[in-house]
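Undergrad: Quick one: sequence plus predicted model below, questions after.
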Amino acid sequence: MAGQIQEAGWLRPYDESGTTVTPGGGRSFRWIPASVPALFADLAEMRPDTDAVIDLGARPSGRDGSPADPAGRLSYARLWERALRVAGGFAARGVRPGDRVAIRLPNGADWCLAFLGALAAGAVAVPVNTRFTDAEVGFVVGDCGARFVIGPDDQLPDGPPLLRECAPDSLGALFYTSGTTGRPKGAMLTHRAMVSAAESARRGLELSALPEDDLRNLVPAPLFHVMGSLVQWLPTCLAAGTTVLMPAFDAGEWLRVIEAERISVLTAVPAMYWLAMRRPEFAATNLGSVRRVGYGAAPTPPAQVSRLMKAFPAAKLCPGYGLTETGGIVSGLPHEYALSHADAVGFAMPATDIALASAGPDGAGELLVRGPQLMSGYWNRPEATARALSGGWLHTGDIARITGDGAVKLLDRRDDVVNRGGENVYCAEVENALAAHPAVAEVAVVGVPDDALGRKVAAAVVPLVGAEVTPAELVAFARAALADFKVPQYISVRRDPLPRNAGGKVIKPALRDETSWGPALWLW
């Protein structure tokens, strides 16, 4: 099933204190809250006056009809008090333990209240992608069998405060996959899985090394995605910090808020940083408060990592990698490795094991992951669950290599490898080569049908603002770094951003179908 779990020389650079080996051979965290509600109950008692959430898109009054808190701010005590009333409101409307509550709300304090209220009521929270069409929303609501749906124009339910027991291994949430290759699937995450994912992220970002008064995390990522909720919001709460929520990403507003709110932690996809760095006000913005810069979901070559270091000189870079099925967290790179290992997605996070299945002569195989943050399966998908989970390991579907020191290098999705006349071309390798060009801001590589070879390599490139680059120049640049069969024969230079899902990953089927590739740039 798996290759060796731990090779001699593999590094584990993150804090592993308080982890223990489980009977199945995996690992878990010994000292974490038993559930998400338990975390917030503790915070309400121990840090009652600390700002828990600052909602930049706050309404004049809350969705539960209560007066708005000043400037959209909720302390931990106030957040928990209101969440318990939302839980009581759910119960009054017939929500029972184990029932699913679908949350179709934008980023904001109300999303947090709905999520916490559902969990406090013993229900299963089902965050819904706000970009979904009505038909897609209908599928998710029907698939999970939601008893209650909170829409964008609904008030939060209100009732007598309620807190039902939540066991660590009870189901806490269904996070639906993006569905870029088919119908979305609901990844079942227990309370233990969610808190474990958050604890891994807390350690990976070294949040507890920051003074609590200075821990202010700006979250532009949607909370319905594990990147926003489990990798940004909950880790900040584990470190008793403040989460500043943006309704949606806007580069100018993002820069303004960093300075106005003295933001110390940033996490975004690389494209967000490049957009902000191209703004005319970037040079004049005071970024001295920023101490952590997290990123992932796209190749980030050394030249761009260097740009991030220069842009945020007081910050540690914290790149990472994860999937919905792992609560958004698998691996990461500590700051001291961010430049030297820029082509990798990092080392295993605390309490996490990695391995390769069926590695070929080139050392590439399917990446396997084991840890307490794993989903317990897909909702009502026993066959898909059996394929994804085997012997306690998640088969990620990502093709990777693991370096001699234990760093994971992603090569492609298993189903996206371009088989060009019998030669496997890994898209990430080609993307990294093209992304190193000084005029390139974004790049994505796909396979396009070919009668003779089956598939040929094609690349969509977005140049930096003000930069010009031609397909011929990119072919010549790629030839210096890649074998001839890996060099793209089709290159589309475009000004529009690449299509991405909520997690920041390029939607390659849409890109392949919407692009006019034109004639081949070279033959064979």
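TA: Thanks, I have the structure now.

Undergrad: tell me which residues in stretch 411-429 are buried?
TA: Residues 411-413, 416-418, 420, 424-429 are the ones in stretch 411-429 that count as buried (16 or more other CB atoms under 10 Å). All C-beta spots, glycine's among them, are computed from the backbone N, C-alpha and C.

Undergrad: Over to stretch 488-498?
TA: 488-493, 498.

Undergrad: Point out where the chain drops to low pLDDT.
TA: Across the chain, the ranges flagged by pLDDT under 70 are 1-8, 59-71, 179-182, 297-299, 524.

Undergrad: Pick out the residue nearest the middle of it.
TA: For the chain, the residue sitting closest to the mean C-alpha position, by CA atoms, centre = their mean, is residue 227 at 3.1 Å.

Undergrad: any idea which helix or strand comes after whatever helix or strand that one lives in?
TA: Using DSSP states H and E, residue 227 sits within helix 226-228. Following helix 226-228 in sequence order, the next helix or strand is helix 234-238 (DSSP H and E).

Undergrad: Kindly export that next one (C-alpha atoms) in PDB.
TA: Only the C-alpha atoms of helix 234-238 are listed here, as PDB (Å, rounded to 0.1, in the frame of the first residue of the first chain):
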ATOM      1  CA  LEU A 234      -9.900  28.500  14.500                       C
ATOM      2  CA  PRO A 235      -6.000  28.500  14.900                       C
ATOM      3  CA  THR A 236      -6.200  32.200  15.800                       C
ATOM      4  CA  CYS A 237      -8.800  31.300  18.400                       C
ATOM      5  CA  LEU A 238      -6.600  28.500  19.800                       C
END
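
Undergrad: Outside of whichever helix or strand comes after that helix itself, list whatever touches it.
TA: Downstream of helix 234-238, the first helix or strand assigned by DSSP H and E is strand 242-245. Applying CB atoms under 8 Å, 6 or more residues apart in numbering, the external contacts of strand 242-245 come out as 50-57, 107-109, 111-112, 215-219, 223, 232-233, 236-237, 257, 261, 263.

Undergrad: Could you tell me which of those residues belong to helices?
TA: Those of these mapping onto helices are 109, 111-112, 236-237, 257, per DSSP state H.

Undergrad: Would you mind putting those into JSON lines with distance to residue 246 and neighbour count alongside?
TA: What follows is the ones in helices among the contacts of strand 242-245, written out as JSON lines (distance: CB to CB, whole Å; neighbours: other CB atoms under 10 Å):
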{"residue": "109", "distance to residue 246": "12", "neighbour count": "27"}
{"residue": "111", "distance to residue 246": "12", "neighbour count": "27"}
{"residue": "112", "distance to residue 246": "14", "neighbour count": "26"}
{"residue": "236", "distance to residue 246": "14", "neighbour count": "25"}
{"residue": "237", "distance to residue 246": "17", "neighbour count": "27"}
{"residue": "257", "distance to residue 246": "7", "neighbour count": "19"}
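
Undergrad: Out of those residues, give me the two with the largest separation.
TA: 237 and 257 (19.3 Å; CB to CB).

Undergrad: For this protein, which segments count as helices?
TA: So, for the chain - with DSSP H - the helices run 36-46, 76-92, 109-120, 134-144, 191-204, 226-228, 234-238, 251-260, 270-277, 302-311, 382-388, 427-435, 471-479, 508-514.

Undergrad: and of these, who's closest to residue 150?
TA: Taking those one by one with CB to CB, helix 109-120 is closest: 5.3 Å.

Undergrad: relative to helix 76-92, how tilted is the closest one?
TA: 60 degrees (axes from the mean of the first three to the mean of the last three CA atoms, to 10 degrees).

Undergrad: Now residue 146: closest residue in space, sequence neighbours ignored.
TA: residue 102 (4.1 Å; CB to CB, 6 or more residues apart in numbering).

Undergrad: Specify the beta-bridge partners of the one you found.
TA: residue 126, residue 149 (DSSP bridges).
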